[in-house]
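Student: for reference, the sequence and a predicted model appear below.
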Amino acid sequence: MASRQTPDFEAWEALMLQAARQGGAGVLGSLLTHWQAHAPRQEILCACGQRMTSRGRRGKGLLTTLGAVPFARSFYQCEQCHQGRFPDDEQLDIVQTTYSPGVRRLMARAGSQTQFEQAAQDLLCYAGLKLEPREIERVAEDVGRQVEQWLSQEQEQIVQAGVGVPPSLEAGAKFYISFDGTGVPMRKSELAGRRGKQDDGSARTREAKLGCVFTQVGLDKEGRPQRDSESTTYIGAIESSTLFGWRMYAEALRRGLQQAQTVIVLTDGQRYNHTITQTHFPEAVHVVDLFHAYEHLTRIAQIFWGPEAKSPQTWRDLLEAGDIQRLAHKVSKKLPNAAKAKESLYKELGYFENNAPYMRYAEYRKKNFFVGSGVVEAGCRTVIGERLKQSGMRWSVRGANAIIALRCCIRSGRFEDFWASRLR
Ligand SMILES: [Zn+2]
């Protein structure tokens, strides 16, 4: 017997995997051929209503998760208007693509998680698929747009019917709706004529809006409100606040808004936040983020006492108590002399005045509500920022929205639902 040598385990593994893929690709090819040969003959109609006639088979290379599979499908043509169709492609969900649904799913997922160059390396390493970064970009954005289409159809249905599909809220659950915006760096052509925060008044970014819905049943060990794990779903897009309001509303309905007894809207208090809340969630308790309020207090302290100043404890106590009237009174008792400082102070006071009804923090705490919009802010960083705001990135609105749709869908645990919807 030969001496026992140290095996090259990794080489064996790689070899077996390659063999399994090759064998699998062969079987998959046979399955497709068998399916084509035995599929019942159906009349193929053109969009114009005419019967289409078969013009023989046309081959195309198909890339599957098992590797390349040659595939020839029947081509049909209309004698009237000469339109063509590939009914087999339609049934297999491979119209105008050489990538199988399985490969497209991997490309979309990888391309939505990391930069396309990196995604190409990941797919080669994890799935043995050699793909160009540009192809991953194209397919990921295509799938993202299909996700967006699927979501907007669903949104329309839900809003028309007025109910979410499976109302599965736990009894006594508090229902949270929270939204915020974050700037996404854009290509120059997407910013023409837009005003922004750059020194010359031009814009470098456009605001992506992100919304989330989550629930809270209990408290943690320290008695603080605790978000139900896995309960958070996300929606988002670069779009007007009006359209975004409808998107947020549909998502809330889908998640069971109408079954919820306690509905809380958490925002940072921007003007459009109030408009959306009043339009779509008039029954909800609107809470303006406490931590933004603290930042505004600090800014007021800095107007009075310079850039290192912190807000006095008495102000903070009044804020925590939600006594905004007394807080504003206390702060504005002595006005600064400089005109510019006075103007800044009025601006800060305006923030408290506008948001006072949504700052009843003592009451919210007593009811065990969240008083911060940390969940959606973290979402802005993880769902949007980590993929769309890396250095050197410049997006088109179309491309950014496709990737945002994908990331929201995946983070909401709905990517499988999307693919299942394509089979129906
Ligand atoms: Zn026709």
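Tutor: Alright, I've got the coordinates.

Student: which residue is it, in the stretch 101-250 of the chain, that comes closest to the ion?
Tutor: Q149 (25.1 Å; C-beta to the ion). Just so you know, the C-beta spots here come from the backbone N, C-alpha and C atoms, and that holds for glycine as well.

Student: host element of that residue?
Tutor: helix 133-161 (DSSP states H and E).

Student: returning to what we had before: count of neighbours near the residue of the stretch 101-250 of the chain closest to the ion?
Tutor: 11 (other C-beta atoms under 10 Å).

Student: same question, P336
Tutor: 13.

Student: surely it and I303 touch.
Tutor: Yes: judged on C-beta atoms under 8 Å, P336 makes contact with I303 at a distance of 6.2 Å.

Student: overlap of the contact sets of those two?
Tutor: Residues touching both P336 and I303 (C-beta atoms under 8 Å, 6 or more residues apart in numbering) are L345.

Student: Q259 contacts E170, correct?
Tutor: No: the pair Q259 and E170 does not pass the contact test of C-beta under 8 Å, sitting 10.1 Å apart.

Student: quote the end-to-end distance of stretch 181-193.
Tutor: The first and final residues of stretch 181-193 sit 21 Å from each other (C-alpha to C-alpha, to the nearest Å).

Student: just the buried residues of it, please?
Tutor: For stretch 181-193, a neighbour-count test (16 or more other C-beta atoms under 10 Å) marks G181, T182, G183, V184, P185, M186, E190, L191 as buried.

Student: as JSON lines, these with pLDDT and secondary structure would be great.
Tutor: Listed next are the buried residues of stretch 181-193 as JSON lines, based on pLDDT from 0 to 100; DSSP: H, G, I helix; E, B strand; the rest coil:
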{"residue": "G181", "pLDDT": "95", "secondary structure": "strand"}
{"residue": "T182", "pLDDT": "95", "secondary structure": "strand"}
{"residue": "G183", "pLDDT": "94", "secondary structure": "strand"}
{"residue": "V184", "pLDDT": "95", "secondary structure": "strand"}
{"residue": "P185", "pLDDT": "94", "secondary structure": "strand"}
{"residue": "M186", "pLDDT": "93", "secondary structure": "strand"}
{"residue": "E190", "pLDDT": "87", "secondary structure": "helix"}
{"residue": "L191", "pLDDT": "87", "secondary structure": "coil"}
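
Student: which strands or helices does the helix holding Q149 pack on?
Tutor: Other helices and strands packing on helix 133-161, by 3 or more C-beta pairs under 8 Å, 6 or more residues apart in numbering; DSSP states H and E, are helix 101-113, helix 116-127, helix 241-255, helix 397-411, helix 415-423.

Student: and those helices: which comes nearest R206?
Tutor: Closest approach to R206 among the helices and strands packed on helix 133-161 (C-beta to C-beta): helix 397-411, 6.8 Å.

Student: where does pLDDT dip in the stretch 301-424 of the chain?
Tutor: Within the stretch 301-424 of the chain, not a single segment meets pLDDT under 70.

Student: residue of it closest to the ion, please.
Tutor: R422 (25.5 Å).

Student: tell me which residues touch the closest residue in space to that residue that isn't next to it in sequence, please.
Tutor: Spatial nearest neighbour of R422, excluding adjacent residues (C-beta to C-beta, 6 or more residues apart in numbering): D93 at 5.6 Å. Contacts for D93 (C-beta under 8 Å, 6+ apart) come out as P101, R422, L423.

Student: hang on, the earlier thing: want to throw the helices and strands packed on helix 133-161 into a markdown table with mean neighbour count?
Tutor: As requested, the helices and strands packed on helix 133-161 are exported to a markdown table (neighbours: other C-beta atoms under 10 Å):
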| stretch | mean neighbour count |
| --- | --- |
| helix 101-113 | 22 |
| helix 116-127 | 16 |
| helix 241-255 | 21 |
| helix 397-411 | 23 |
| helix 415-423 | 13 |
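
Student: tabulate those in CSV, adding columns for distance to Q270.
Tutor: Compiled in CSV, these are given as follows (distance: least, C-beta to C-beta, whole Å):
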stretch, distance to Q270
helix 101-113, 28
helix 116-127, 33
helix 241-255, 9
helix 397-411, 20
helix 415-423, 31
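
Student: right, so of those helices, which gets closest to L345?
Tutor: Per C-beta to C-beta, nearest to L345 of those: helix 241-255, 28.1 Å.

Student: what's the first helix or strand after the closest one?
Tutor: strand 262-267.

Student: what's the mean pLDDT across the next helix or strand after that following strand?
Tutor: Remark: after strand 262-267, the chain's next helix or strand is helix 271-280, criterion DSSP H and E. The average of the pLDDT scores along helix 271-280 is 94.

Student: helices or strands up against the next helix or strand along the chain from helix 271-280?
Tutor: Per DSSP H and E, helix 271-280 leads on to strand 285-288 as the next helix or strand towards the C-terminus. Of the remaining helices and strands, those touching strand 285-288 by 3+ C-beta pairs under 8 Å, 6+ apart are strand 262-267, helix 271-280.

Student: measure how the last one sits relative to helix 133-161, angle-wise.
Tutor: For helix 271-280 against helix 133-161, the angle between stretch directions is 40 degrees (axes from the mean of the first three to the mean of the last three C-alpha atoms, to 10 degrees).

Student: what helices or strands is helix 271-280 leaning on?
Tutor: helix 241-255, strand 262-267, strand 285-288.

Student: tell me how many other residues crowd K310.
Tutor: With other C-beta under 10 Å as criterion, K310 counts 12.

Student: err, Y361, not the other one
Tutor: Per other C-beta under 10 Å, the neighbour tally for Y361 reads 20.

Student: which residues touch the residue lying closest to it once chain neighbours are set aside?
Tutor: Computed as C-beta to C-beta, 6+ apart, the closest residue to Y361 that is not its neighbour in sequence is G322, at 4.4 Å. Neighbouring residues of G322 by C-beta under 8 Å, 6+ apart: M359, R360, Y361, A362, E363, Y364.

Student: with K209 instead?
Tutor: F179, D180, G181, G236, A237, I238, E239, S241, F244.
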